[in-house]
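1. no FASTA, just this:
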């Protein structure tokens, strides 16, 4: 279930199926885009401060393996397909001049969105995320190959219930410096454990991951002239600093800031600082 701090739970029907999301606050829209095997609860410590500052915060559960509502069987769940799904979400709610805030795999999806569907975007905040040929990063590079093996997603969904497996670098161990609460882990891992349809969606997305998608987006990003804030984590163990240097070099209007004392999941490790940066970026 979504954390109450995220606001009201809603669903919207899109061409690819139903999408669950939360909404809190009023004002200019801010869309929060999570990554693989997490859901909107990643943003539970960031959304309240941004909403209280006068923004309408929307956090969908994207079909990346921790979502509550399965997609239609015919849905395109490749990375470009999920980026199109985000664009359909913006269209369905008629959101314009949207600030997109993204983390991890969600940052790759956002770059594809910026390249292919920029019309409703006003500005972007990218926290540590995939880019260029890094999609996926170490130690996750073999996931698409492993996911193709019969039963692999089912087996992984069971293994991830074990705390010592979750703490491994090849799982969640290097993502949040201060750890992830048990109830949040449960919200991430219960859907893929309990639902064959969610496992089907996860497999379709993971097996479609390839750096050709982020490299194609990178070729188009020099045409994206909206403001982009690149928020690095000083102690990130997954995404190396040069990735954001390269993004800043090709984006026409980009600025880099570094958040101290954080790993990849800045929304977990430094939520107050991230919320402050998001709010200030609107001014």
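-> Arrived safely. Everything quoted here is computed from the prediction, not taken from an experiment. Numbering: from 1, shown residues only.
2. Show me where this structure has its strands.
-> With DSSP state E as the criterion, the chain has strands at 8-14, 17-24, 28-33, 55-60, 98-104, 121-129, 228-233, 254-259.
3. quick one: the fourth one to chain centroid distance?
-> A distance of 13 Å separates the centroid of the chain from that of strand 55-60, by Cα atoms, centre = their mean, to the nearest Å.
4. what's next to that strand, contact-wise?
-> If you take Cβ atoms under 8 Å, 6 or more residues apart in numbering as the criterion, strand 55-60 is touched by 2, 6-7, 19-34, 40, 43, 47, 50-51, 86, 89, 93, 95, 99, 279, 282. To be clear about C-beta, it is placed using only N, CA and C from the backbone, and glycine gets the same treatment.
5. circling back to that earlier point, out of the strands of the chain, which is closest to residue 241?
-> strand 228-233 (6.0 Å; Cβ to Cβ).
6. Okay, now the sheet partners of the closest one, with direction.
-> For strand 228-233, the paired strands and their directions (DSSP bridges) are strand 121-129 (parallel), strand 254-259 (parallel).
7. and these, which is most packed in?
-> strand 121-129 (a mean of 25; mean count of other Cβ atoms under 10 Å).
8. which other residues reach that one?
-> Contact with strand 121-129 is made by 28, 35, 96-108, 110-111, 113-114, 226-233, 236, 238-239, 244, 247, 264, 266-267, 274, 277-278, 281-282, as judged by Cβ under 8 Å, 6+ apart.
9. are any of the residues you listed buried, and which?
-> Buried subset of these (neighbour count, 16 or more other Cβ atoms under 10 Å): 28, 35, 98-108, 110-111, 113-114, 226-233, 236, 238-239, 244, 247, 264, 266-267, 274, 277-278, 281-282.
10. Quickly note the distance from the closest residue in space to residue 42 that isn't next to it in sequence to residue 21.
-> Nearest non-adjacent residue to residue 42, counting by Cβ to Cβ, 6 or more residues apart in numbering: residue 34, 4.6 Å away. Taking Cβ to Cβ, to the nearest Å as the measure, residue 34 and residue 21 are separated by 11 Å.
11. Many thanks, I have nothing further to ask.
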